[in-house]
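Visitor: Can you look at this prediction? I've put the sequence above it.
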Amino acid sequence: MPLHSCSCVDGHEPLREGKLGHITQSCIDAWVSHYGDDPATTRLKADPKHTQPLFFWQLYSLLGEQFVEDIITNFYKRILVDTDPEHKEFTDAFSFEMLGYEFHVQNSVDFWLDAMGAGPRYEGSIKWRTHGFHKIHSNVMTQKGASIWMHHMQLAVAETNVGKDPRVKDAILNFIYVMMEMYKKDFRFNTDEHVYGCPMSAMMKKGHTGQI
């Protein structure tokens with residue numbers, strides 16, 4: 001798929017004011033719970049210096065909204081065209097005919113933006129997302145399902161233009177990693193290289209300076 005473009009920040013665009021949403025604090029708490037440590041900052045506005053840490057809850061302040069829509073749209077288009085018979089149970093679980101393609105895209109966009117400091121966007125909670133919507137599809141909340149999901153999502157992130165800040169993609173991958181590790185605990189499947197399929201150092205770093 002071609003490289004996607006978005007309205008990204010350059011080195012001179014003013015930062016946006018971040019706002020707590022319905023799940024922002026819960027996502028920060030998930031980060032703290034996973035690493036067993038407090039982050040360097042819980043401020044929702046990013047430090048524009050590339051040498052300073054960047055956390056996923058600051059991404060909206062740096063990039064706005066379009067980058068999330070680009071990533072999520074790319075991801076679901078990949079699900080739509082995935083015809084691998086080994087993936088059929090996974091792709092069927094998205095039920096595009098029942099809820100509609102647009103529903104899945106918008107629901108995920110709102111979840112990400114709310115977590116990343118764009119203010120109240122997601123009408124629900126992490127608990128609802130885990131124990132409600134995902135419980136319905138518990139048959140694919142497995143190591144195999146997580147591996148397929150991660151494969152498509154990593155490619156979607158890699159193909160999306162998020163500007164020149166070297167910290168950004170690591171921060172996005174860290175968000176994905178923290179959420180996946182939360183789902184792992186709830187649904188009791190293993191991750192590690194079986195799911196991530198790439199060096200995990202970028203996703204596991206606490207703060208992202210663009211220096212792996």
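Guide: That came in fine, so what should we check first?

Visitor: Residue 68 is in what secondary structure piece?
Guide: Using DSSP states H and E, the element containing residue 68 is helix 66-81.

Visitor: Tell me the buried residues in that helix?
Guide: Buried residues in helix 66-81, defined by neighbour count with 16 or more other Cβ atoms under 10 Å: 67, 68, 69, 70, 71, 72, 73, 74, 75, 76, 78, 79. Where you see a C-beta, it was placed from the backbone N, CA and C, and this is true even at glycine.

Visitor: wait, which of the residues you listed is closest to residue 26?
Guide: residue 68 (17.8 Å; Cβ to Cβ).

Visitor: Quick check: the gap between the residue nearest to the closest one when sequence neighbours are not counted and residue 143.
Guide: Closest residue in space to residue 68, ignoring its immediate chain neighbours: residue 112 at 4.7 Å, by Cβ to Cβ, 6 or more residues apart in numbering. To residue 143, residue 112 is 23 Å away according to Cβ to Cβ, to the nearest Å.

Visitor: Same question for residue 60.
Guide: Distance, residue 60 to residue 143, by Cβ to Cβ: 31 Å.

Visitor: the more surrounded of residue 112 and residue 143?
Guide: Taking neighbours as other Cβ atoms under 10 Å, residue 112 and residue 143 compare with residue 112 leading, 26 against 16.

Visitor: Tell me where the protein has helices.
Guide: 24-35, 59-63, 66-81, 88-92, 96-99, 101-115, 126-128, 134-136, 143-159, 168-187, 193-196, 201-204 (DSSP state H).

Visitor: what's the most buried one of the ones you listed?
Guide: Neighbour counts (mean count of other Cβ atoms under 10 Å) averaged over each of those peak at helix 59-63, with a mean of 26.

Visitor: what comes into contact with that one?
Guide: With contacts defined as Cβ atoms under 8 Å, 6 or more residues apart in numbering, helix 59-63 is touched by 6, 8-9, 15-18, 44-46, 48, 54, 67, 113, 116-118, 162-163, 165, 168, 171-172, 175.

Visitor: Show me the shaky parts of this protein.
Guide: Low-confidence segments of the chain (pLDDT under 70): 1-12, 95-99, 125-137, 198-212.

Visitor: ok, now which residue in it is the farthest from the centroid?
Guide: Centroid-distance maximum for the chain: residue 85 at 26.0 Å, with Cα atoms, centre = their mean.

Visitor: how near is residue 31 to residue 115?
Guide: Taking Cβ to Cβ as the measure, residue 31 falls 10 Å from residue 115.

Visitor: if we can go back for a sec, would you convert the buried residues of helix 66-81 into TSV that also reports distance to residue 108?
Guide: Below are those laid out as TSV (distance: Cβ to Cβ, whole Å):
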residue	distance to residue 108
67	13
68	8
69	10
70	12
71	9
72	5
73	10
74	11
75	8
76	8
78	13
79	11
